[in-house]
Every structure is written in C-alpha cells, then in structure tokens.
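Participant: Need the 3D shape of this:
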Amino acid sequence: MDGLPYEVKKKIIKSGNIIEIFEYEKSYWVGWPQYRKIHRPEFKHIRLESEQVKIREDNVKRARQKITRLINSNLQLKTFLTLTFKDEILDLKTANKYFDRFIKRISYGQSDFQYLAVPEFQSTSKRVHYHLVSNYPLPEFETGDKRKEYERWFSDKYWKNGFINFRPINNAKNIGIYISKYLSKEMFDPRYFKKRKFFYSKNLNQPEIIDYPDEVDNFLDFFIPDSLDLIKEREFYSDRLGQIKETIYKINEINNEELDKIINNNKSEKTTKNKELNIDAIVF
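Facilitator: As a prediction, the model looks like this:
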C-alpha cells in the first residue's frame, strides 16, 4: 500500500481460486525506506558452501512458488507445448535467442498470446528444450496423424528449429505444481548460472497480495474456511518471523467472484485514502 508504513501480522495471496493465508509469530513492517548493506570488500566473495547451497535452494523455492501462483492465476492457459532442437544446442544463451524469436513470431500472429515457459536440459543428450503452458487455441484432432501433421505445420511456421509436441490441459488441477517441478535440483547446474530460469508474458494475470491490516480483515470477514476445500496446512519456523502458519484453500467460482469484488473495493478505498492523505500534517 502506498503512503505510511504499516505492520504486517497476516498475509493473504490469492492466485485464481487458490487462497494462501500466512500468520506470523513476529510481525514485520512494509513501507520503510530500504537501505543497502555495505559489505567489506575483503569478505565480499567469502561464503560458506552450506550458505551458498541454502541461497540456491531458496531461489529455486521462490521460483517454484512464483510459477505455481502465476499458473493458478491464469487458468486460461490450456495448452501444454514442448519445444525441442534438432541441432545440438547445449547452452541456454543460444537457446534463449531462438526461443525469443519463436515468441515474437507467434505473438505477431496472435497478439493476445500468453505463456509461461521453463527451459530444461535433456538427461541424456544435454540439449536444451522448453516446456510451455499457453493460451494457444489448439484445434481438436480426429487422429494422431492429424495431430502430428499440425505439429509439423506449427514448427515450420513458428519454431523452425526442431520438433514440437502439443497436449491439451483437460484438468488444470495442480498444473502449476506440475510445471514448477521442472525447476529441479538441476538448476544448480552451472549452465543455469545468471540465466533466466523461466519466462512468462507480461499480459498474464498476477497473484493478488493482501497484507494491509484493514484489507486482510475485510477479506477474512467474508472468508468462511469451513465451506472451502482445505488443500494444505502446515507450520514452519523462520529466523526473522518466528513460527509461521500457512493454510491453503481452494474456493468455488461463486466465492471467487465475491472475493474479487472485495479486493477491487479495497483498491478503490486505498486510492481514495491516498488522495486524501496529507503527509506534511503527520508528525513522527
């Protein structure tokens, strides 16, 4: 929220029809200026191996969470697509150039094209390939031969670098988790270092994050956990935030529409309050 700093004790993340609720033992503040830490040069490159591993694991975890939330927020992504290279493309930098050209070609013909993609190395040949979920309108095929014929046409028109495979996503349940699993321990491979781990179009719906106390209360006043599907519940410890309780629910379409209205109303109220706020009149 723009304006004054505020204390966060609970946070809600809404990704489509998935609700994550986080409750923190130790609160934290949002809105204070961020200051860069000054590191002594002689210690800049000194890190314990265990610390490096932990940082990488945390990075992979955050990437998986982002992928899962993005896909859950975009259930219109109904087509699964795999892109492979006929040539021996072994490095991501080169592969990503071809991938970017593919996105430009298909977006030129379909301006509303949406996607999320994850690159992966094949276990045997070590060639790069890509897994995508997209809103590409896949036609129905009468036979497997018709599907293969369409895949060859699509590859010649858009990909131009090898083979492709289409699969319709008939059941979107847990597709976000499925795709995020491609971000495996292989990401510790040095070939991923300082490279993009996944790609997505800018026109995707973004997860809604609610952490301002009044907005959290408004949301939870409507929220009736007993009427929803409980997906996951756990507690874990954080050095910074203490004990954290995480609860994940799946909501039905009717409740989803009502909750979206609450979120939009909160945004409108927030904008009005920010316009009325006179920062000069506040003394700390």
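Participant: going on from the helix or strand where Tyr108 lies, what's the next piece of helix or strand?
Facilitator: Using DSSP states H and E, Tyr108 falls within helix 92-109. Next helix or strand after helix 92-109 toward the C-terminus (DSSP H and E): strand 115-121.
Participant: now the helix or strand following that next one, how far from the chain's geometric center?
Facilitator: For strand 115-121, the following helix or strand on the C-terminal side (DSSP H and E) is strand 128-134. Centroid displacement of strand 128-134 relative to its chain, using C-alpha atoms, centre = their mean, to the nearest Å, is 15 Å.
Participant: and the helix or strand following strand 128-134, average pLDDT?
Facilitator: The C-terminal neighbour of strand 128-134 among helices and strands, as given by DSSP H and E, is helix 144-154. In this model, helix 144-154 has an average pLDDT of 95.
Participant: Against which helices or strands is helix 144-154 packed?
Facilitator: strand 164-168 (3 or more C-beta pairs under 8 Å, 6 or more residues apart in numbering; DSSP states H and E). From N, CA and C alone the C-beta is placed, and that goes for glycine too.
Participant: ok, residues contacting the strand it packs on?
Facilitator: Residues outside strand 164-168 that contact it (C-beta atoms under 8 Å, 6 or more residues apart in numbering): 78-84, 138, 147, 150-151, 154-155.
Participant: Find the nearest non-adjacent residue to Ser134, please.
Facilitator: Tyr115 (4.1 Å; C-beta to C-beta, 6 or more residues apart in numbering).
Participant: Correction: the previous question concerned Phe236.
Facilitator: Ile244 is the one closest to Phe236 (C-beta to C-beta, 6+ apart), at 5.6 Å.
Participant: Correct me if wrong: that neighbour contacts Ile21.
Facilitator: No - if you go by C-beta atoms under 8 Å, Ile244 and Ile21 don't touch, sitting 10.8 Å apart.
Participant: Looking at these two, which one has more neighbours?
Facilitator: Applying other C-beta atoms under 10 Å to Ile244 and Ile21 shows that Ile21 carries more neighbours, namely 21 against 17.
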